[in-house]
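J.: how would this look folded up:
(chains A and B)
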Amino acid sequence: MVDFQLSEEQQMIRDTIGAFARDEIRPAARLADEGAKIPSELTEKIWQLGLVRGPIPETYGGDGGERSAVTGAVVAEELGYGDLSIGLHSLAPRLFAYPILEMGTVEQKATYLKRFTTPTFAPATAALMEPRWDFDPTELATAARREGSGFVLDGRKCVVPLAAEAEAILVYAKNRAGSGFEGVDAFVVAPDNPGLKINDREQNMGLKGLATYEIALDQCRVSADARLGADRGVDFSRLMSEARVAFAAMAVGVMRAAFDYARDYAKERKAFGVPIATKQAIAFMLADMAIEIDSARLLIWEAAARLDNGHDALKESYLAKNYVAASALKVTDNAVQVLGGHGYIREHPVEMWLRNARAMSALDGVATV
Amino acid sequence: MIDFELEPQVVSRLQMYHAVAENMMRPISREYDEREHEDPWQFFETMWQAQSLNDVGPAAQSAGGGQQAGPKLRNLNTVITTEELCWGDVGLFLATPNSGLGGAAVMAAGTPEQKARFLKRFGEGKPKWGAMAITEPACGSDSAAVTTSATRDGDDWVINGTKIFCTAGHRAIDKSEGFVVVWATVDKSAGRAGIKPFVVEHGTPGMQVTRLEQKLGIRASDTAAIIFDNCRVPASNLLGSAEVKQEGGGFKDVMATFDATRPIVAAMAIGVGRAALDFVRDFLKEQNVSVRYGLSPRRLSVVERDFMEMEVQLQAARLLTWRAAWMMDMGQRNNLEASMAKAKAGLVVTQITQKAVELLGPLGYSRKLLLEKWMRDAKINDIFEGTQQINMLIVARRILGYGNKELN
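T.: As a prediction, this is how the structure comes out:
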């Protein structure tokens, strides 16, 4: 039955993470952006919240909680409200752990999940994107071919979060015949694999706190049990849907941050003797931003609810993500505009949110619910 | 818990509405667009009978007919079924005999006795219409500025003034035993608080339709100008209390009506938008133009991007609309959310239908297809029940915590 109300538990999670984002993450955001570094104390503190450990079964030391895409979207939005770089950084281990949790074999779960239930941050990641303008997850250039009982991976990947410190990387590659999402598999690659080369850290216009890398796979040999899900492979379409829901939800947090900031500023700042918010030119921009935020969130929740109900959500998550890519840019740009010249100055966070929002249309698969 | 899935009984009910839209509305859609101001009586009779059986149609909804589908979500069911019927034809939807906005005003402002007295007729006898008259030649969005007056004289109120843009006004008072709810001021010095709703019955001396508007779209729906010249109505036809209070009552009731009707108008827009979207989808399929979801947006064709944009904007408007209706069902104040839904739906459906015409080029522009009609029909949803701009103003006031003094 149609319901627009989060469960009590979800509301509690939202309030807890929201308060943490406001009090702990937001104050660290500018420094992380300028210094291209996220303090490890903060990373550990977020780790303690159990955002990665939560749905991992108790057998592996996790909390055995229910994994819900809606709850994941709620958490992602709150983290994004704090800071997109810090949010993506702290949830990067999910990129490795959750595909294993959802689609791994019993052995793979037993081997890898434990680490994510330990008390210290477990850096791990996934490599999906490739450094070309028309990158498309349905047509990966990175390929896997069988050799003996194992596989050989070849290709280049980019925007791999935390690659340099990751204890394990999940590499997506075209393996099976079949078009689109069908032919894609995921392989566990250890950081010391001689076929794996991690290049210099990338320099991007935004998300500067998040360490991302280009990596090269050159005759990168992995054993048969490195293939996620063994002979079953993975449901790559579902993984992409989850990734898009998560990233879009984080961007809604950024939109909300920009809206709140611009609204408060507009009520304070005076021109011609009155707050600029009392002028329709400004007030209507803010109204439009509010409508876009609610629209975006509802589209994301709809896709997430479909995932939770076990339905295919490829189309819904894709459309929601594309919607958010456009609206996040519009909303953060409006926020800069409401602040005028001050919006352009790095003393205020809105310019940073505009740079971060632009990532939405450029990146894919850098988060998961 | 967050959920967007309709219950099976709602879905099956929706199929019935779809059949009405497809089999009864679409076939006469073009005809009554071209024959403006004529009456599709056969359609009216059938809809009226269906409604009195509490089956389908707007009256069934306003009378609570949606209750059968799920008592807890009556307003949500109303917007969902409204979308379905307006997928058929929004002009015919507006023309369907029922209590309409007049009924909504009675529901919002009337006493239990008045509700029974004025609304009973919509479940019996011949087709009837209820209308509401608020707009005047010199005031539209600024509805607090109405100049039509009501003066007490013995046991009567005497109404004088001119109303325009009254949906179904002609059918309500000249073509059926219906009524029109007229908003008039009983005390000009009291401003908004002095504005009161009066039920004026069909055939009341002093009330006359002087003009039917010729419109861009929704041509099956009549839009009347009505003059009230010393028009007498009994005191018992003033809805609610005659007392002029600054707090509550009076004009506030108009606003309460709008909170309830804006999600419905948004749903009407969405119905038209979906008609255009469905048509374009089928057309592209026939032309072997695929719409590839999931691909990098940089690899999509312009047509694919346009279509996906239409689709997702429509869905965003739909979800906002469902939320506004759902909040009413939950007994929550939805003033902000109703305006959000209305502003978004009116705008995006205007854009979607315009884009649909563009995508089909000369075919879209041709009156052989209904696309151009839907584009004309869609535009009204961006205007009536509060223009897009008025709704943006309401949203802005609410998010800023401003009243009409701070932000105007």
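J.: C-alpha from now on. contacts and neighbour counts both.
T.: Will do.
J.: what secondary structure does A:Val159 sit in?
T.: Here A:Val159 is recorded as strand under DSSP: H, G, I helix; E, B strand; the rest coil.
J.: Let me fix that, I meant to ask about A:Arg94.
T.: What three-state DSSP gives for A:Arg94 is helix.
J.: What residues does the residue lying closest to it once chain neighbours are set aside make contact with?
T.: Among residues not flanking A:Arg94 along the chain, A:Val52 sits closest, at 6.1 Å (Cα to Cα, 6 or more residues apart in numbering or on different chains). Neighbouring residues of A:Val52 by Cα atoms under 8 Å, 6 or more residues apart in numbering or on different chains: A:Leu91, A:Pro93, A:Arg94, A:Phe116, A:Thr117.
J.: Of those residues, which is the nearest to chain B?
T.: Closest approach between these and chain B, by Cα to the nearest Cα: A:Arg94, at 21.8 Å.
J.: how near is the closest one to A:Arg115?
T.: To A:Arg115, A:Arg94 is 12 Å away according to Cα to Cα, to the nearest Å.
J.: Between those two, which has more neighbouring residues?
T.: A:Arg94 (25 against 19; other Cα atoms under 10 Å in any protein chain shown).
J.: Would you mind confirming that the more buried one is in contact with A:Ala122?
T.: No. Taking Cα atoms under 8 Å as the definition, A:Arg94 is not a contact partner of A:Ala122, at 9.7 Å.
J.: quick revisit: can you tell me which helix or strand the residue nearest to A:Arg94 belongs to?
T.: For A:Val52, there is no enclosing helix or strand under DSSP states H and E.
J.: Those residues of chain B touching chain A, which are they?
T.: Applying Cα under 8 Å from any Cα of the partner chain, we find that chain B lies next to chain A at B:1-7, B:293-299, B:308-309, B:312, B:315-317, B:319-320, B:323, B:326, B:340, B:344, B:392-393, B:395-396, B:399-400, B:406-408.
J.: Strands - which of the residues you listed land there?
T.: Among these, none falls in strands (DSSP state E).
J.: picking that back up, any idea how far the residue nearest to A:Arg94 lies from A:Gly72?
T.: Between A:Val52 and A:Gly72 the distance is 10 Å, computed by Cα to Cα.
J.: ditto for A:Asp83
T.: Where A:Gly72 is concerned, A:Asp83 sits at a distance of 16 Å (Cα to Cα).
J.: Same question for A:Ala21.
T.: 15 Å.
J.: Name every strand pairing with the helix or strand where A:Leu153 lies and say which way it goes.
T.: Assigned by DSSP H and E, A:Leu153 belongs to strand A:150-161. Its sheet considered, strand A:150-161 pairs with strand A:143-147 (antiparallel), strand A:212-222 (antiparallel) by DSSP bridges.
J.: who's A:Val171 bridged to?
T.: When bridges are called by DSSP bridges, A:Val171 pairs up with A:Ala127, A:Phe187.
J.: about what we covered before: buried residues in the strand holding A:Leu153?
T.: For strand A:150-161, a neighbour-count test (16 or more other Cα atoms under 10 Å in any protein chain shown) marks A:Phe151, A:Val152, A:Leu153, A:Asp154, A:Gly155, A:Arg156, A:Lys157, A:Cys158, A:Val159, A:Val160, A:Pro161 as buried.
J.: next one: stretch B:137-148
T.: B:Gly140, B:Ser141, B:Ser143, B:Ala144, B:Ala145, B:Val146, B:Thr147, B:Thr148.
J.: What of stretch A:92-109?
T.: Of the residues in stretch A:92-109, A:92-101, A:103-105, A:108-109 count as buried by neighbour count, 16+ other Cα under 10 Å.
J.: Show me which pair in the residues you listed is furthest apart.
T.: A:Ala92 and A:Thr105 (21.3 Å; Cα to Cα).
J.: Send over stretch A:235-247 as PDB, restricted to the C-alpha atoms.
T.: Extracted in PDB, the C-alpha atoms of stretch A:235-247 (Å, rounded to 0.1, in the frame of the first residue of the first chain):
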ATOM      1  CA  ASP A 235      23.400  -9.600 -11.300                       C
ATOM      2  CA  PHE A 236      25.200  -6.500 -12.600                       C
ATOM      3  CA  SER A 237      22.000  -4.700 -13.500                       C
ATOM      4  CA  ARG A 238      20.900  -4.900  -9.900                       C
ATOM      5  CA  LEU A 239      24.400  -3.800  -8.600                       C
ATOM      6  CA  MET A 240      24.200  -0.800 -10.900                       C
ATOM      7  CA  SER A 241      20.700   0.100  -9.700                       C
ATOM      8  CA  GLU A 242      21.900   0.000  -6.100                       C
ATOM      9  CA  ALA A 243      24.900   2.200  -7.000                       C
ATOM     10  CA  ARG A 244      22.700   4.700  -8.800                       C
ATOM     11  CA  VAL A 245      20.200   4.900  -5.900                       C
ATOM     12  CA  ALA A 246      23.000   5.500  -3.400                       C
ATOM     13  CA  PHE A 247      24.900   8.100  -5.300                       C
END
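J.: Going by distance to B:Thr210, which of the buried residues of strand A:150-161 wins?
T.: Using Cα to Cα, A:Val159 comes nearest to B:Thr210 of those, at 69.1 Å.
J.: can I assume that closest one is in contact with A:Lys208?
T.: No. The criterion here is Cα under 8 Å, and A:Val159 misses it with A:Lys208 at 11.8 Å.
J.: re the thing from before, in JSON lines: the strands paired with strand A:150-161, plus mean neighbour count and mean pLDDT.
T.: Output for the strands paired with strand A:150-161, formatted as JSON lines (neighbours: other Cα atoms under 10 Å in any protein chain shown; pLDDT from 0 to 100):
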{"stretch": "strand A:143-147", "mean neighbour count": "17", "mean pLDDT": "96"}
{"stretch": "strand A:212-222", "mean neighbour count": "20", "mean pLDDT": "98"}
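J.: Kind regards, and thank you for your time.
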